[in-house]
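1. What would the 3D arrangement of this be:
(chains A, B, C and D)
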Number of protein chains: 2
Amino acid sequence: MTQHQPCPVARALDAIGDRWSLLIVRDAFDGVQRFGDLQRNLGMARNILSDRLRKLVDAGVLQTQPASDGSAYQEYALTAKGLGLFPVVVALRQWGEDQLFAPGEAHSSLVEKASGQPVARMQPQTADGQVLAPSAAMVRKLG
Amino acid sequence: MTQHQPCPVARALDAIGDRWSLLIVRDAFDGVQRFGDLQRNLGMARNILSDRLRKLVDAGVLQTQPASDGSAYQEYALTAKGLGLFPVVVALRQWGEDQLFAPGEAHSSLVEKASGQPVARMQPQTADGQVLAPSAAMVRKLG
DNA sequence: CAATCTAGTTTTAATTTAAAACCAGATGAA
DNA sequence: TTCATCTGGTTTTAAATTAAAACTAGATTG
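-> This is a model prediction of the structure:
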C-alpha cells in the first residue's frame, strides 16, 4: 500500500481506513479526547491506540492540546481536517442504522441537539439538488 | 471485536472497516465485478481477496451471479445493502479530494454522467434542511 | 486435444495486533 | 512532603493476520 494513491477514496482509506482509526474519530466527535478514556471506551490495546493516535496526528486529523481540565496532561482534538470527516462518520452511522440492525432491534441514533429531531438521511446529489443514483455517477479521471 | 456492537458506526466498521473491503466496494460501484479484475486493479493478494469477497457476501453487501459475458464464471455484484454504501464511498471520496491532495495536484473527481457536472458536496442536515455542524449533533442512546 | 486463462486454495514467511508487564511523571491524600 | 495512586505511555512476547508464491481444477481458446 504505497503512498500517493491517485484515487481519493484509496488515499482516504490509507489515512483512516484501518479497524480503529474511524472509531477513534467517532469518539472524538463525541467529545472523548483523553488517552485513557479512549482506551477504556474502545477496549483496545494501549500500544495500538498510541500508534493510531500518532498516525492520526501525523496525518493532521487530530492535534494534541493542553487538557481542558487544567491538569498537566494533554488531550487529542479534531483538527479542521478531522472535522471534515463528519459526513463520513454520519454516512457510516446511517448505513449501520439502516442495514445492520434487526427490525425492532434497539440502537442509538443521531439527533440535532437543539430540536431532538433525527438528522436527515444523507444522499449524494447533483449540482442542482437531485438525488444521484450510483448508476448515474462516474469518475472523471485526473481532473 | 465481538459481534453485536450497539453503536451503528462500530457495527458498520465491523462489516466493511478493514483496509480492503471498501476498496472492493468502490470498484464494484465502478463496475468491476470479476475476481481477476479486482485482484489486478487492487494489487492485493488473491487469498485475502478471496477471504474478503466471502465475508462481503456473508454480510450481504455483495452477491454472486452468473457472469454477464455468458461464460460459466461468476461475478460479484452489489446487493441493495451494498448499494446503500454509496453515500459512504462518496463522503470518503469528497474528504479525500478536499483534504488529501496538494493544491493544484491532479485527482479524479465524481461527476454526474448525464451532465458532466460535479456531484454536490455532502453535508449532514437537520430534518428541515439546515446544515448540521458536528457540535450541533448528539447521539441519542438506545432508541 | 493442447495450451492458456480463471478463480480460487494451500503453504510458508513477514507483518501487524494483542496482552501484559513495566515505567516515569503528575496528582491527591495524610 | 511523602507515599500511594493515576495517567499516558513504551517494551516485550505471543497470537493472529496479511502477503507472496506455488499449486490446482475446471473453463476457454486455438
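
2. Within the helices and strands, which one has the residue nearest the centre of chain A?
-> Central residue of chain A (CA atoms, centre = their mean): residue A:89, 4.1 Å from the mean position. In this structure, residue A:89 sits in helix A:86-99 according to DSSP states H and E.

3. Who are the packing partners of that helix?
-> Taking 3 or more CB pairs under 8 Å, 6 or more residues apart in numbering or on different chains; DSSP states H and E as the contact definition, the neighbouring helices and strands of helix A:86-99 are helix A:21-29, strand A:109-112, helix B:8-16, helix B:86-99. In short, each C-beta sits where N, CA and C put it, glycine included.

4. So the residue nearest to the centre of chain A sits against residue A:24, correct?
-> No - the pair formed by residue A:89 and residue A:24 falls short of the contact definition of CB atoms under 8 Å, at 11.0 Å.

5. what touches both of these two?
-> Shared contacts of residue A:89 and residue A:24, defined by CB atoms under 8 Å, 6 or more residues apart in numbering or on different chains, are absent.

6. how about low-confidence regions in chain A?
-> Counting by pLDDT under 70, chain A contains low-confidence residues at A:1-3, A:143.

7. and with 50 instead?
-> Applying pLDDT under 50 to chain A flags residues A:1-2.

8. Name the residues of chain A found near DNA strand D, please.
-> Taking CB under 7 Å from any atom of the strand as the contact definition, chain A meets DNA strand D at A:1, A:34-37, A:46-47, A:50-51, A:53, A:67, A:73-75.

9. Could you pick out the buried ones from these?
-> By neighbour count, with 16 or more other CB atoms under 10 Å in any protein chain shown, the residues of chain A next to DNA strand D hold A:34, A:53, A:75 as buried.

10. which ones are touching residue A:63?
-> Taking CB under 8 Å, 6+ apart, we find residue A:63 in contact with A:57, A:76-79.

11. try 10 Å
-> Each residue near residue A:63 by CB atoms under 10 Å, 6 or more residues apart in numbering or on different chains is listed here: A:56-57, A:74-82.

12. now the closest residue to DNA strand D within chain A: how far from residue B:105?
-> Residue nearest to DNA strand D within chain A (CB to the nearest atom of the strand): residue A:36, separated by 2.9 Å. Using CB to CB, to the nearest Å, one gets 38 Å for the distance from residue A:36 to residue B:105.

13. and what of residue A:125?
-> With distances taken as CB to CB, residue A:125 is found 26 Å from residue B:105.

14. And for residue A:12?
-> Distance of residue A:12 to residue B:105, computed by CB to CB: 15 Å.

15. what's the angle between the host helix or strand of residue A:65 and helix A:21-29?
-> Residue A:65 is part of strand A:62-66 when elements are defined by DSSP H and E. Computed by axes from the mean of the first three to the mean of the last three CA atoms, to 10 degrees, the angle separating strand A:62-66 from helix A:21-29 equals 40 degrees.

16. Output strand A:62-66 as CSV - backbone C-alpha positions only.
-> This file holds the C-alpha atoms of strand A:62-66, laid out as CSV (Å, rounded to 0.1, in the frame of the first residue of the first chain):
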residue,chain,number,x,y,z
LEU,A,62,-6.1,15.1,15.3
GLN,A,63,-3.9,17.5,17.3
THR,A,64,-2.7,17.5,20.8
GLN,A,65,-3.6,20.3,23.1
PRO,A,66,-3.4,21.0,26.9
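
17. Can you name the next helix or strand after that strand?
-> Using DSSP H and E, the next helix or strand after strand A:62-66 towards the C-terminus is strand A:74-78.
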